[in-house]
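Chemist: pasting the structure only:
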């Protein structure tokens, strides 16, 4: 999830674990602990952009790392707050602030290597990386905590906020199962043979859902709104295996292929090859010139092709948001 939400969650968890002991300092410790797993982004600034993609939510989101890191952080906090919190409760607070960060990320499309060093990324794909309806209950509860000094009321407010936001996550799982069922029924009704399907929410909501469907020659992309009254339709995009053959052996291509978990299309424009990650949808679904949310352009660098992420403009984001709002309504 976005950094703001992770900070809010970290503060809420710190308040539940140690609010009675360190009171308003939970704001500082929760914010820091809730941010630590995402510091891999800072490390990525010093790496090849493609390598930065690969390490994101890798070792920094590992359950096993947290088992070793939590006692260290707990010891540091207990030394700073000598008369307020001891080593064990500080360690417990550190672990849960770190671990809940990763648990929340599991619900997104990118997922995490929670069992690192295993390479598999676990992703439930039920919530977008920014979803105000998850974040707002946490923020309201934190404001209520900030306004009161009563320990009992503080804990009651924060637990209520966590219950509401967690219930929203649970709701997203049920809605995803329903959307998946709708896509699968549409595939059966249209007699489409497929090998794999993934379903994930669009930006900022759990009403409009995207589906990627793998067939022998193509990827089929589609969307479905809970308010739809028309049958689901699918748009085919060729896998372009001929273009892909030009990149076999290229190190950046192999890394991006791994990062995308196989959900990608190679396209060509003005003799330039592009790697398009299908998991995050389209900015522009024009059949002749589709623009994917995450694309990498292969540019010549010392006789080698290097992948460079295609930049996105504010206009792209505005058009996407307008399209989502319109499509949610069933249009």
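Modeler: Ah, there it is. As the structure is a computational prediction, the values presented were derived from the model and not from experiment.

Chemist: can you check which strand is longest in the protein?
Modeler: Of all segments of type strand in the chain, defined using DSSP state E, the longest is strand 272-284.

Chemist: show me what that strand packs onto, helices and strands only.
Modeler: Strand 272-284 sits against strand 208-214, strand 218-225, helix 251-259, strand 264-269, strand 291-301, helix 314-328, with contacts defined as 3 or more Cβ pairs under 8 Å, 6 or more residues apart in numbering; DSSP states H and E. C-beta: built from backbone N, CA, C; applies to glycine.

Chemist: for the ones you listed, give me TSV that also has distance to residue 38, mean pLDDT and mean neighbour count.
Modeler: Shown next, in TSV, are the helices and strands packed on strand 272-284 (distance: least, Cβ to Cβ, whole Å; pLDDT from 0 to 100; neighbours: other Cβ atoms under 10 Å):
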stretch	distance to residue 38	mean pLDDT	mean neighbour count
strand 208-214	25	96	21
strand 218-225	29	94	20
helix 251-259	17	90	18
strand 264-269	25	89	18
strand 291-301	18	86	18
helix 314-328	21	80	14
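
Chemist: quick one: which of the ones you listed is nearest residue 21?
Modeler: Closest approach to residue 21 among the helices and strands packed on strand 272-284 (Cβ to Cβ): helix 251-259, 41.5 Å.

Chemist: run through who's touching the closest one.
Modeler: Contacts of helix 251-259 with the rest of the structure, by Cβ atoms under 8 Å, 6 or more residues apart in numbering, involve 48, 50-51, 53-54, 247, 264, 275, 277, 296, 298, 305-307.

Chemist: got a winner among these for most neighbours?
Modeler: residue 275 (27 neighbours; other Cβ atoms under 10 Å).

Chemist: residues contacting the closest residue to it other than its chain neighbours?
Modeler: Of all residues not flanking residue 275 in the chain, residue 296 sits nearest, at 4.3 Å (Cβ to Cβ, 6 or more residues apart in numbering). By Cβ under 8 Å, 6+ apart, the contact set of residue 296 is 50, 252, 256, 274-275, 307-310.

Chemist: can you name the next helix or strand after the strand or helix carrying residue 92?
Modeler: Under the criterion of DSSP states H and E, residue 92 resides in helix 87-105. The helix or strand immediately downstream of helix 87-105 is helix 132-147, counting by DSSP H and E.

Chemist: buried ones in that next one, by neighbour count?
Modeler: Under the neighbour-count criterion of 16 or more other Cβ atoms under 10 Å, helix 132-147 has 134-139, 141-142, 144-145 buried.

Chemist: on that earlier part again, could you dump the helices and strands packed on strand 272-284 to TSV with distance to residue 163?
Modeler: TSV is the format used below for these (distance: least, Cβ to Cβ, whole Å):
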stretch	distance to residue 163
strand 208-214	25
strand 218-225	28
helix 251-259	35
strand 264-269	39
strand 291-301	33
helix 314-328	26
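
Chemist: residue 16: which of these is closest?
Modeler: strand 208-214 (32.2 Å).

Chemist: pLDDT below threshold where in this structure?
Modeler: 285-288, 331 (pLDDT under 70).

Chemist: geometric centre of it: which residue is closest?
Modeler: By Cα atoms, centre = their mean, the mean C-alpha position of the chain lies nearest to residue 108, the distance being 3.6 Å.

Chemist: report the contact partners of the nearest residue to that one once chain neighbours are set aside.
Modeler: Leaving aside its sequence neighbours, residue 108 sits nearest to residue 129 (Cβ to Cβ, 6+ apart; 5.3 Å). Shown in contact with residue 129 (Cβ under 8 Å, 6+ apart): 1-2, 108-110.

Chemist: starting at the chain centroid, how far to whichever strand or helix holds residue 157?
Modeler: Under the criterion of DSSP H and E, residue 157 resides in helix 151-189. Using Cα atoms, centre = their mean, to the nearest Å, the mean C-alpha position of helix 151-189 is found 16 Å from that of the whole chain.

Chemist: got the angle for it vs helix 87-105?
Modeler: For helix 151-189 against helix 87-105, the angle by axes from the mean of the first three to the mean of the last three Cα atoms, to 10 degrees is 30 degrees.

Chemist: what's the angle from the helix or strand following helix 151-189 to helix 151-189?
Modeler: Downstream of helix 151-189, the next assigned helix or strand under DSSP H and E is strand 196-201. Following the same axes, to 10 degrees, one obtains 140 degrees for the angle between strand 196-201 and helix 151-189.

Chemist: other SSEs contacting strand 196-201?
Modeler: Contacts defined by 3+ Cβ pairs under 8 Å, 6+ apart place strand 196-201 against helix 151-189, strand 208-214.

Chemist: go again with 10 Å.
Modeler: On a contact count with 3 or more Cβ pairs under 10 Å, 6 or more residues apart in numbering; DSSP states H and E, strand 196-201 meets helix 151-189, strand 208-214, strand 218-225, strand 272-284.

Chemist: would you mark the buried spots in stretch 105-116?
Modeler: Buried residues in stretch 105-116, counted by 16+ other Cβ under 10 Å: 105-114, 116.

Chemist: brilliant, that's me finished.
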